[in-house]
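>>> What would the 3D arrangement of this be:
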Amino acid sequence: MNKKQQVVALLKAIETGAAEPVGVINAAKYKQHNLAIADGLAGFGAVLAQLPKGSARVNTVRVFEEGNFVFAHTDYNFFGPKIGFDIFRFEDGKIVEHWDNLQEKPVNANLSGRTMTDGPQEASELEKTEANKILVRAFVDDILVNGKMEKLAGYFNGDNYIQHNPQIADQLSGLGQALGEWAKQGITMKYDTIHKVLGEGNFVLVVSEGHLAGKLTSFYDLFRVEKGKIAEHWDVIEPIAPQSEWKNQNGKFGF
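Take a look at the predicted model:
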């Protein structure tokens, strides 16, 4: 099996309880960045043991690879319905590190009838990976970190923009409308730091740290690029627990 297949099998093992896929983890070196789980393979096992029997469901919708990293977008039932992004780092053919972001799965589609996981799944234009990563990083840095809204339109093909955030409608105008509504309600969203940008072809994942409504937050944003413009967006947003509640001291990011 290749790395992508190994990751999909490992995640599915949460549902099936199969032991064999877990063999891809290097138990001696496994470093955990999910702050609710203790470090190492034992921490992962302890959480699985707490799951109500037969409750777990795992449907990995899309999976991508860049170098030693594999990142997956998954529809879970894991202590309740959730949507997640997982990132795994491989070393010498084994998984040695894991990061993730989880968000409660909404009951309904967004205003444009889209879910958090539907849409294209396969990467294309693999030769454009680096160019697309540069484009998407610049967008996040310009717009979400530095608020240079005068540059916004340049990243899009007119008003065309497919949106999977549960609170926001399609089109660039839908994004502007949602941000305006949030501002009226005093809800601010501010990205402070980009921690990692990973890509395969026309798909790019950006891992960022910031604040949503004043709370320290982890943002995982997946973008699909088309002809040098941002065409589609999925995200998972998770509050970062205070350090006193962390089950490991590896930090949420630490790439």
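>>> make it CA atoms for all contacts and neighbour counts henceforth
Will do.
>>> who touches residue 241 in this structure?
Taking Cα atoms under 8 Å, 6 or more residues apart in numbering, we find residue 241 in contact with residue 35.
>>> helix or strand for it, which one?
Taking DSSP states H and E as the definition, one finds residue 241 inside no helix or strand.
>>> Check residue 211 too.
Counting by DSSP H and E, residue 211 is part of strand 203-212.
>>> Tell me which helix or strand comes right after that strand.
Downstream of strand 203-212, the first helix or strand assigned by DSSP H and E is strand 215-226.
>>> CA atoms of that next one as PDB?
Taking C-alpha atoms only, strand 215-226 is exported to PDB below (Å, rounded to 0.1, in the frame of the first residue of the first chain):
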ATOM      1  CA  LYS A 215     -11.000  32.800  21.400                       C
ATOM      2  CA  LEU A 216      -7.700  31.300  20.400                       C
ATOM      3  CA  THR A 217      -8.500  29.100  17.400                       C
ATOM      4  CA  SER A 218      -7.000  26.700  15.000                       C
ATOM      5  CA  PHE A 219      -8.000  27.100  11.300                       C
ATOM      6  CA  TYR A 220      -7.500  24.400   8.700                       C
ATOM      7  CA  ASP A 221      -8.500  25.800   5.200                       C
ATOM      8  CA  LEU A 222      -8.500  23.600   2.100                       C
ATOM      9  CA  PHE A 223      -8.600  25.400  -1.300                       C
ATOM     10  CA  ARG A 224      -9.000  24.200  -4.800                       C
ATOM     11  CA  VAL A 225      -7.300  26.300  -7.400                       C
ATOM     12  CA  GLU A 226      -8.400  26.600 -11.000                       C
END
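>>> just to revisit the earlier point, strands paired with the strand holding residue 211, and their directions?
strand 189-200 (antiparallel), strand 215-226 (antiparallel) (DSSP bridges).
>>> Can you tell me how far residue 39 is from residue 33?
8 Å (Cα to Cα, to the nearest Å).
>>> what do these two both touch?
With Cα under 8 Å, 6+ apart, residue 39 and residue 33 have common neighbours residue 248.
>>> sorry, back to before: can I get the strands paired with strand 203-212 in CSV including distance to residue 161, mean neighbour count and mean pLDDT?
Converted to CSV, the strands paired with strand 203-212 look like this (distance: least, Cα to Cα, whole Å; neighbours: other Cα atoms under 10 Å; pLDDT from 0 to 100):
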stretch, distance to residue 161, mean neighbour count, mean pLDDT
strand 189-200, 19, 19, 97
strand 215-226, 10, 21, 98
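>>> right, and residue 100 touches residue 36 too?
No: the pair residue 100 and residue 36 fails to qualify as a contact (Cα atoms under 8 Å) at a distance of 10.8 Å.
>>> what are the C-alpha coordinates of the strand or helix carrying residue 88, in PDB please?
Counting by DSSP H and E, the element that carries residue 88 is strand 81-91. Output of strand 81-91 as PDB, limited to C-alpha atoms (Å, rounded to 0.1, in the frame of the first residue of the first chain):
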ATOM      1  CA  PRO A  81     -20.700  13.600  14.200                       C
ATOM      2  CA  LYS A  82     -17.600  15.600  13.200                       C
ATOM      3  CA  ILE A  83     -15.700  16.800  10.200                       C
ATOM      4  CA  GLY A  84     -11.900  16.600  10.400                       C
ATOM      5  CA  PHE A  85      -8.600  17.200   8.800                       C
ATOM      6  CA  ASP A  86      -5.700  14.900   9.800                       C
ATOM      7  CA  ILE A  87      -2.100  15.400   8.800                       C
ATOM      8  CA  PHE A  88       0.400  12.600   9.200                       C
ATOM      9  CA  ARG A  89       4.200  12.800   8.900                       C
ATOM     10  CA  PHE A  90       6.000   9.700   7.700                       C
ATOM     11  CA  GLU A  91       9.700   8.800   8.400                       C
END
